[in-house]
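Student: Give me the fold of what follows.
(one chain, ligands or ions: 1)
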Amino acid sequence: MQSFAKKVDHKLSLPMRHPVSETKTSPVILSAENISVSFGGFMAVRGMNLALRKHELHFLIGPNGAGKTTMLDVICGKTKASSGKVLLGGEVDLTRKRDYEIASLGIGRKFQAPSVFPNLTVQENLELAADRNRSIFHTLRLRRSDTVTPKMLGILEQIGLPGREGERAGSLSHGEKQWLEIGMLLLQKPSVLLLDEPVAGMTDDETVKTGELLKEIAKTCSVVVVEHDMEFVRSFAAKVTVMHEGQLLKEGSMAEIQHDPRVAEVYLGKRREDHAAASSH
Ligand SMILES: Nc1ncnc2c1ncn2[C@@H]1O[C@H](COP(=O)(O)OP(=O)(O)OP(=O)(O)O)[C@@H](O)[C@H]1O
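Tutor: Have a look, this model is predicted:
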């Protein structure tokens, strides 16, 4: 977890690098409607709405504890909503499905920490993802297939790990592990990818490469990215939704977001609190 306020202060006022995305007119493929989540009486999400369009790269931002991760958890079925629904394709209500059913409907979820199998090779990790019916024991027994399928070669190329299929996943850098996990999700041909802070802990170079990868993925898939790194968010012409205290605060382009006084107040107010807390220690 990083302090959001520390990252955003002056960056909110920098000029946009790219024009606003052109996905505004594509159809909505997933909509979370009036979602609320209670954890033992504490309302982590309160009447939240989120609409995701086809091939849209959509950032979900907000201060620590705003409810961003909880929203992703509701969409992928990890957390049950207390009320509201999540419609896929306008008709299938995901809040009535189990997490594995949601995954098989084409919703891929990546958590913040990489969760590849470190003792398996890159190829074995991909093979496991490619065949969800195959158990890890089956993969271990088979070890590596003799040939890498063209589909897998394409994924290795796309995630920036061409020729690395024989390496142990545990020996990859943090960023490379994140890419491998994204590749494992891509093998399942998702229609929606949910990514939680994909560039956290990455080097600058890895962050830039991840940005390119996300742009590429969004050509075939809709992507929701929970992100704290405002500079990273600014490098996309993407839709941005701001959450605060479990609710929708503002939605629009980065330019629209940064000129909203309520957004500034949330971040700058938070920053003042951080400073006050730091100076009292
Ligand atoms: N399982 C849980 N039980 C109780 N409270 C929880 C649980 N999960 C999250 N919360 C609380 O719900 C609120 C929203 O958490 P969430 O992780 O969704 O926020 P976030 O916007 O993703 O924050 P961050 O950017 O810090 O990850 C927080 O106050 C958090 O402490």
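
Student: Quick check: residues of the stretch 1-150 of the chain near the ligand?
Tutor: Counting by C-beta under 6 Å from any ligand atom, the stretch 1-150 of the chain comes close to the ligand at Met1, Phe39, Phe42, Ala44, Gly62, Asn64, Gly65, Ala66, Gly67, Lys68, Thr69, Thr70. From N, CA and C alone the C-beta is placed, and that goes for glycine too.

Student: 8 Å instead, please
Tutor: Residues of the stretch 1-150 of the chain lying near the ligand by C-beta under 8 Å from any ligand atom: 1, 4, 37, 39-40, 42, 44-45, 62-71, 73, 79, 112.

Student: Drop anything exposed from those.
Tutor: Using 16 or more other C-beta atoms under 10 Å as the burial test, those include 4, 37, 44-45, 62-63, 66-71, 73, 79 as buried.

Student: Quick one: these as a markdown table, columns for secondary structure and pLDDT too.
Tutor: Listed next are those as a markdown table, based on DSSP: H, G, I helix; E, B strand; the rest coil; pLDDT from 0 to 100:
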| residue | secondary structure | pLDDT |
| --- | --- | --- |
| Phe4 | helix | 36 |
| Val37 | strand | 98 |
| Ala44 | strand | 98 |
| Val45 | strand | 98 |
| Gly62 | coil | 93 |
| Pro63 | coil | 92 |
| Ala66 | coil | 96 |
| Gly67 | coil | 97 |
| Lys68 | helix | 97 |
| Thr69 | helix | 96 |
| Thr70 | helix | 97 |
| Met71 | helix | 98 |
| Asp73 | helix | 97 |
| Thr79 | coil | 97 |
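
Student: Of these, which is the nearest to Leu52?
Tutor: Nearest to Leu52 among these is Met71, at 11.2 Å by C-beta to C-beta.

Student: ok, so what distance separates the closest one from Thr203?
Tutor: 28 Å (C-beta to C-beta, to the nearest Å).

Student: do the same with Lys209
Tutor: From Lys209 to Thr203 the distance is 9 Å (C-beta to C-beta).

Student: now do Pro118
Tutor: 20 Å.

Student: Check Leu187 too.
Tutor: Leu187 is 25 Å from Thr203, by C-beta to C-beta.

Student: which of the two has more neighbours?
Tutor: Between Leu187 and Thr203, counting by other C-beta atoms under 10 Å, Leu187 is the more crowded of the two (21 against 12).

Student: The more buried one and Lys151 touch, don't they?
Tutor: Yes. Taking C-beta atoms under 8 Å as the definition, Leu187 is a contact partner of Lys151 at 7.1 Å.

Student: For Thr69, see how far away the residue most central in space within the chain is.
Tutor: In the chain, the centroid-proximal residue (C-alpha atoms, centre = their mean) is Leu195; its distance is 1.5 Å. For Leu195, the distance to Thr69 equals 11 Å [C-beta to C-beta].

Student: list residues touching both of these two?
Tutor: Common neighbours of Leu195 and Thr69 (criterion: C-beta atoms under 8 Å, 6 or more residues apart in numbering): Val226.

Student: then stretch 116-129 to PDB, C-alphas only?
Tutor: The C-alpha trace of stretch 116-129 is given here as PDB (Å, rounded to 0.1, in the frame of the first residue of the first chain):
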ATOM      1  CA  VAL A 116       2.800 -17.300 -10.100                       C
ATOM      2  CA  PHE A 117       4.100 -20.700  -9.100                       C
ATOM      3  CA  PRO A 118       7.800 -19.900  -8.400                       C
ATOM      4  CA  ASN A 119       9.100 -23.500  -8.800                       C
ATOM      5  CA  LEU A 120       7.500 -24.000 -12.200                       C
ATOM      6  CA  THR A 121       9.000 -22.600 -15.400                       C
ATOM      7  CA  VAL A 122       7.400 -19.700 -17.300                       C
ATOM      8  CA  GLN A 123       6.000 -22.300 -19.800                       C
ATOM      9  CA  GLU A 124       4.600 -24.500 -17.000                       C
ATOM     10  CA  ASN A 125       2.900 -21.600 -15.500                       C
ATOM     11  CA  LEU A 126       1.300 -20.700 -18.800                       C
ATOM     12  CA  GLU A 127       0.400 -24.400 -19.400                       C
ATOM     13  CA  LEU A 128      -1.400 -24.500 -16.100                       C
ATOM     14  CA  ALA A 129      -3.300 -21.300 -17.000                       C
END
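
Student: Residues contacting stretch 96-110, please?
Tutor: So stretch 96-110 is contacted by 30, 72, 75-78, 88, 92, 94, 132, 178, 181-182, 185-186, 188-196, 198 (C-beta under 8 Å, 6+ apart).
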